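Student: could you look at this predicted model? Sequence included:
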Amino acid sequence: MAPSYHTRSNSLPSRPHPIHSELDQHVSSFRASQATSTSSSSISHEINGLQDLHDCVDKLLQSASIQQALAQHEQKKWVDELLNGSLRLLDICGIAKDSLVQTKEAVQGLQSIFRRRRCDDIELTSEVKKYLTSRKAVKKSIQKTLKNLNQRSSTIGVEHETSIMLREVEAVTFNVIESLLSLISGPRAPSKLSSWSVVSKLMQPKEVACKETYINEFEKVDAELSSIIAYKTSKSNSTHNQLKELESNIQELEEGVDSLYRRLIKTRVSLLNILNN
């Protein structure tokens, strides 16, 4: 995302609100942990952390002194920018939710095949192809979204400390959701060879595979199912277990994103109230 340039307003009280330090601690914690967010469990943990962060934001925006400061004429343009940012957050959060739901439904469809005692290879191959087609559509949508995330304009001006802090919150929230989208879609695939490279990594000896880049839960299932098509193998307990694990991980992520989405709406309503006062 493009950087924003700002200076603090001299016309407003410089004394920080008590919740600022709490928000700052949350933001600093996110900055330190995001480099290691590669699995669904770590990103789920960060999404839960975002819920606490946005609860802090809500407490801040309910403060009468903060509302009065942000409602001043010279600060309304920043509140307007924060509103635009909140809308972008809701958009990409919605895309993440839809991607998780679509992938979970595809996983559940496959699991029904694996639970059947009688299922021929033709039926299995057909369902696997449906799953991979669904995943391809999800990845395409996410990669388009990730590309558009970087198309944000810079701003220059005098900004109140609270709006600076809220823009920091916006930035870390974007980063976490971006990590979630990257987790769901996996690495960008410029050619058909990419999917097979993941399969080959999974088939390497352990001592070699451990040196490779981490392969997340979504990629593992994609690779396992791609191998069924490529090598015309039958269903196995290993694949079924991977599907169950993936469904469980998706469910946890989906619940976290739903909860975050509700908090983002609450923040947007508070900002709208400040702007309209």
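Tutor: Alright, I've got the coordinates.

Student: I'd say residue 249 and residue 221 touch.
Tutor: No - here residue 249 lies out of contact with residue 221, judged by Cβ atoms under 8 Å, at a distance of 10.2 Å. For the C-beta atoms, the positions are set from N, CA and C on the backbone; glycine is no exception.

Student: quick check: next helix or strand after the helix or strand where residue 218 lies?
Tutor: Under the criterion DSSP states H and E, the helix or strand holding residue 218 is helix 217-231. Later in the chain than helix 217-231, the nearest helix or strand by DSSP H and E is helix 237-276.

Student: now the helix holding residue 218 against helix 237-276, angle please.
Tutor: Between helix 217-231 and helix 237-276, the angle formed by their directions is 140 degrees, by axes from the mean of the first three to the mean of the last three Cα atoms, to 10 degrees.

Student: and the residue nearest to residue 19 when sequence neighbours are not counted, how many neighbours does it have?
Tutor: Excluding its sequence neighbours, the residue lying closest to residue 19 (Cβ to Cβ, 6 or more residues apart in numbering) is residue 60, at 4.6 Å. Other residues within reach of residue 60 by the criterion other Cβ atoms under 10 Å amount to 22.

Student: so what's the residue nearest in space to the middle of the chain up against?
Tutor: Centroid-nearest residue in the chain, with Cα atoms, centre = their mean: residue 177, separated by 2.3 Å. With contact taken as Cβ atoms under 8 Å, 6 or more residues apart in numbering, residue 177 is in contact with 89, 92, 93, 96.

Student: local confidence estimate at the first one?
Tutor: Okay, so that is residue 89. Reading off the confidence values, residue 89 has pLDDT 94.

Student: check which helices and strands the helix or strand containing it sits against.
Tutor: Remark: residue 89 resides in helix 76-115, with elements defined by DSSP H and E. With contacts defined as 3 or more Cβ pairs under 8 Å, 6 or more residues apart in numbering; DSSP states H and E, the packing partners of helix 76-115 are helix 64-70, helix 121-149, helix 161-185, helix 217-231, helix 237-276.

Student: could you single out the most deeply buried of the ones you listed?
Tutor: With neighbours taken as mean count of other Cβ atoms under 10 Å, the helices and strands packed on helix 76-115 reach their highest mean count in helix 161-185, at a mean of 21.

Student: endpoints of stretch 61-72, how far apart?
Tutor: Across stretch 61-72, the straight-line distance between its terminal residues is 14 Å, by Cα to Cα, to the nearest Å.

Student: I'd say residue 142 and residue 186 touch.
Tutor: No - counting by Cβ under 8 Å, no contact exists between residue 142 and residue 186, whose distance comes to 9.3 Å.

Student: angle of the helix holding residue 89 against helix 161-185?
Tutor: With the same axes, to 10 degrees as the basis, helix 76-115 and helix 161-185 are set at 20 degrees to each other.

Student: how about residue 20, what does it touch?
Tutor: Taking Cβ under 8 Å, 6+ apart, one finds 60, 161, 162, 165 in contact with residue 20.

Student: now do residue 173
Tutor: Contacts of residue 173 were listed using Cβ under 8 Å, 6+ apart, and they are 50, 53, 54, 89, 260, 264.

Student: so what's the residue of the chain most remote from its centre up against?
Tutor: Here the chain reaches farthest from its C-alpha mean at residue 118, the gap being 38.2 Å by Cα atoms, centre = their mean. Contact criterion Cβ under 8 Å, 6+ apart gives no residues in contact with residue 118.
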